[in-house]
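Participant: Please find the sequence and the predicted model below.
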Amino acid sequence: MSTPTCTLRTIAEALGVSTMTVSRALRNAPRVSPETRREVLAAAKRLEYRPDPALTALNAYRNGLRKPTVAEPILFLTNHATPDHWRGRHTFRNYFQGAEARAAQLGYRVEPFWLGAPGLTARRASRIIEARGIRGVLVGPMEQGDTHLQLNWARFSAVSLGRSLASPGLTTVSTNHAQGVELAWRECWSRGSRRFGLALTEPEDRRTMGTLLASFLLQQSRSPAPAVPVFRGSEQAAREIAAWVDRHHLEVLLSHDPGFYDGLPARVRKKLAFVHLNVPPGSGLAGIDQGHYQVGESAMALLHTKLIQNETGVPERRDILMIEGHWMDGTMFPRIAGKPEFL
């Protein structure tokens, strides 16, 4: 004999509560006490309750047909020097634009919220956000890597963009920096380049959690190319960079910052190809398009799911969605865009 299917009514009768209470508890809806939610979840596990995926899809479809008359606001948190300072970097603008476009499709609107206002403590910021009735927040890229934000996360559904937020361990969407370095190495190698160097600033190293450095060292260990020490310092140190390029007879300079290349003497730039690990749109540079717009879109889609499921607070374990980069053939550096001159 087959075991009877466990339904919401089965759980409700076992606990002596209504089916509506069970439904709300399983959806993590408001107005259900933590104790009741724990009892319902325990009973659902004990009775081997399984939701009907077809019914779930139907409900989601029906809810999608109900277009809200007023778009629900989602906050895009920043903590830069000024409210609009983050807009000066194409990475951050594309994060926002991707999130904004996806939000519009889902019935939301995204609004920047500046955490750097004078006198704005974490407690006060949380109260302001709660008072506005905000349910969902996107944590935009912070000004510095290894940032900690102590908001009242239990009251919000939240997703972080990029890797600059060290804690709390929110669900995160980021570009795959390690894959980007690997792809750049492979593309340059296929064009005949053999001597690679990575130039890296300390802030960028912190912001990317050391993945650029780690991936570059991994590519070196996997290939017969000469091992070149990573240049770590300021792009202002033109003399030191030029000496480093000459000393190791570099053919390709990999970096997030074109300032490393631009500051080199003309004689050095003439024999060196620059590969940008974060190509700005329309720049004509060769390198990696990190897919920041897609990061914003994906982050908003994940936040939408959390809002539907009333999933708030910090997850027990941080989950990270990585968006892969794409190679861009440049027009400004034909040694990389086409057949390299130094072959």
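Facilitator: Here it is on my side, so go on.
Participant: Off-centre distance for the host helix or strand of Leu77?
Facilitator: Assignment of secondary structure by DSSP states H and E places Leu77 within strand 72-78. Strand 72-78 sits 15 Å away from the centroid of its parent chain (CA atoms, centre = their mean, to the nearest Å).
Participant: just checking, next helix/strand downstream of it?
Facilitator: helix 90-106.
Participant: Okay, and the beta partners of Ala199?
Facilitator: With DSSP bridges applied, Ala199 shows beta-bridge pairing to Phe231, Ser255.
Participant: Report pLDDT for it.
Facilitator: The model reports Ala199 with a pLDDT of 95.
Participant: what angle do the strand holding Leu77 and helix 90-106 make?
Facilitator: Put simply, strand 72-78 runs at 170 degrees to helix 90-106, going by axes from the mean of the first three to the mean of the last three CA atoms, to 10 degrees.
Participant: any idea how far Gly192 is from Ser160?
Facilitator: Distance, Gly192 to Ser160, by CB to CB, to the nearest Å: 40 Å. Yep, even glycine has a C-beta here, placed from its N, CA and C like the rest.
Participant: meant to ask about Thr175
Facilitator: 13 Å.
Participant: what residues are shared contacts of the two?
Facilitator: Here Thr175 and Ser160 share no contacting residue, scored by CB atoms under 8 Å, 6 or more residues apart in numbering.
Participant: rewinding a little: which one's more surrounded, Gly192 and Ser160?
Facilitator: Legend: neighbour count by other CB atoms under 10 Å for Gly192 and Ser160, higher for Ser160 (26 against 12).
Participant: which ones are touching that one?
Facilitator: Counting by CB under 8 Å, 6+ apart, Ser160 makes contact with 138-139, 170-173, 299.
Participant: run the last query once more with 6 Å
Facilitator: With contacts defined as CB atoms under 6 Å, 6 or more residues apart in numbering, Ser160 is in contact with 139, 170, 172.
Participant: Over to Val252?
Facilitator: Residues in contact with Val252 (CB under 6 Å, 6+ apart) are 188, 193, 196, 273, 275.
Participant: What is the neighbour count of Ala101?
Facilitator: Ala101, neighbours per other CB under 10 Å, totals 14.
Participant: how near is it to Gln294?
Facilitator: Going from Ala101 to Gln294 by CB to CB gives 11 Å.
Participant: Pro112 pairs with what?
Facilitator: Beta-bridge pairing of Pro112 under DSSP bridges involves Phe76.
Participant: now the helices: where do they sit in the protein?
Facilitator: 8-15, 19-26, 34-46, 53-65, 90-106, 122-131, 177-190, 202-207, 211-222, 238-247, 259-262, 266-270, 292-308, 334-337 (DSSP state H).
Participant: Which of those helices sits closest to Ala154?
Facilitator: Taking CB to CB as the criterion, helix 122-131 is the member of those that comes nearest to Ala154, at 9.8 Å.
Participant: any low-confidence regions in this structure?
Facilitator: For the chain, the stretches flagged by pLDDT under 70 are 1-3, 28-30, 52-69, 332-343.
Participant: Could you list which of the contacts of Ser160 belong to strands?
Facilitator: Under the assignment DSSP state E, those contribute 139, 172 to strands.
Participant: Out of the contacts of Ser160, the closest to Leu15 would be?
Facilitator: Using CB to CB, Leu170 is the member of the contacts of Ser160 that lies nearest Leu15, at 32.3 Å.
Participant: Next, count neighbours for the closest residue to Asp246 other than its chain neighbours.
Facilitator: Nearest non-adjacent residue to Asp246, counting by CB to CB, 6 or more residues apart in numbering: Val268, 7.0 Å away. The burial count assigned to Val268 is 18, neighbours taken as other CB under 10 Å.
Participant: Quickly note the distance from Val268 to Gly162.
Facilitator: Counting by CB to CB, the gap from Val268 to Gly162 is 32 Å.
Participant: next one: Glu143
Facilitator: 12 Å.
Participant: So the two - more neighbours on which side?
Facilitator: Higher neighbour count among Glu143 and Gly162: Gly162, with 24 against 17, using other CB under 10 Å.
Participant: Appreciated, that's everything.
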